[in-house]
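S.K.: Below is the sequence, then the predicted model.
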Amino acid sequence: AQTVTQSQPEMSVQEAETVTLSCTYDTSESDYYLFWYKQPPSRQMILVIRQEAYKQQNATENRFSVNFQKAAKSFSLKISDSQLGDAAMYFCASFTGNQFYFGTGTSLTVIP
Amino acid sequence: EAGVAQSPRYKIIEKRQSVAFWCNPISGHATLYWYQQILGQGPKLLIQFQNNGVVDDSQLPKDRFSAERLKGVDSTLKIQPAKLEDSAVYLCASSSKDRVSIPNTGELFFGEGSRLTVL
């Protein structure tokens, strides 16, 4: 079975600072996608950033970037210049074959 | 573009009662997912539809849960009878493709969820 592991249940960051959320995954597939989703309290889950496994270049979306280490099966999310609105649960997910696999989430607190 | 619609947003029932949740995916999305998200955990897949056919329901507790997607558009998830451990948020999500393929992103679009409390 595919697994996605997030080893940090909770993280905190000072406003305007940088934080990195960790994620590792396990797959035997060669064709897959990796995602970070954000779930604010009582609000719907939205896509933060996406990485295609066949691409070597790390994905970047404004203040969000990933460090994709394919051999190590690691997919961390870096949030730069953290803002209060970044406070949320962050889920790492993989899409392979025909299914999504989610980690258990990291709760991010942003300290003013 | 309208997003994934779910209703009701909140539901409180007694154990052994029944409940139904409704989901309308993004127009044109062939794949529809129902997830169960217990507080503090990641989403757990209950059932996946491709158009109106079931792709994966291996984790659906079929003795009490049922789901259908008539005409390959909207879907309902039913629980009967409910147990205390069914208290969770039920998320519906849709995707435009069934397999990862270039240039498809495989992105999931989520609804706001239906929060169930079983007393």
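M.R.: Ah, there it is.
S.K.: Return the list of helices and strands in contact with the helix or strand of chain A with the lowest mean pLDDT.
M.R.: Comparing helices and strands within chain A by mean pLDDT, DSSP states H and E singles out strand A:99-102 as the least confident, with a mean of 88. Using 3 or more Cβ pairs under 8 Å, 6 or more residues apart in numbering or on different chains; DSSP states H and E as the contact criterion, the secondary-structure elements in contact with strand A:99-102 are strand A:3-5, strand A:88-96, strand B:44-50. Placement of C-beta: from N, CA and C, glycine included.
S.K.: closest to A:Q51 out of the ones you listed?
M.R.: If you check each of those against A:Q51 by Cβ to Cβ, strand A:88-96 wins as the nearest, at 9.9 Å.
S.K.: hmm, the closest one touching chain B?
M.R.: Yes - counting by Cβ under 8 Å from any Cβ of the partner chain, chain B has neighbours in strand A:88-96: A:91, A:93, A:95-96.
S.K.: list the contacts for the spatially most central residue of chain B?
M.R.: Per Cα atoms, centre = their mean, the C-alpha nearest to the average position across chain B is that of B:W34, at 2.2 Å. Listed by Cβ atoms under 8 Å, 6 or more residues apart in numbering or on different chains, the contact partners of B:W34 are B:23, B:45-48, B:67, B:75, B:77, B:90-92.
S.K.: State the distance from it to B:R64.
M.R.: Relative to B:R64, B:W34 is positioned 14 Å away (criterion: Cβ to Cβ, to the nearest Å).
S.K.: again, but for B:E107
M.R.: Taking Cβ to Cβ as the measure, B:E107 and B:R64 are separated by 31 Å.
S.K.: okay, these two: which has more neighbours?
M.R.: Set side by side, B:E107 and B:R64 show more neighbours around B:E107, with 17 against 14, by other Cβ atoms under 10 Å in any protein chain shown.
S.K.: Chain neighbours aside, what residue packs nearest to the residue in chain B that chain A sits nearest to?
M.R.: Scanning chain B for the residue nearest chain A gives B:G42, at 3.8 Å (criterion: Cβ to the nearest Cβ). Excluding the flanking residues, the one nearest B:G42 by Cβ to Cβ, 6 or more residues apart in numbering or on different chains is A:F102, at 3.8 Å.
S.K.: repeat for B:V55
M.R.: The shortest distance from B:V55 to any non-neighbouring residue, by Cβ to Cβ, 6+ apart, is to B:Q48 (4.4 Å).
S.K.: Turn the contacts of B:W34 into TSV, columns for neighbour count and pLDDT.
M.R.: Putting these into TSV (neighbours: other Cβ atoms under 10 Å in any protein chain shown; pLDDT from 0 to 100) gives the following:
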residue	neighbour count	pLDDT
B:C23	25	97
B:L45	20	93
B:L46	20	96
B:I47	23	95
B:Q48	25	93
B:A67	22	97
B:S75	23	97
B:L77	23	98
B:Y90	24	97
B:L91	27	96
B:C92	25	96
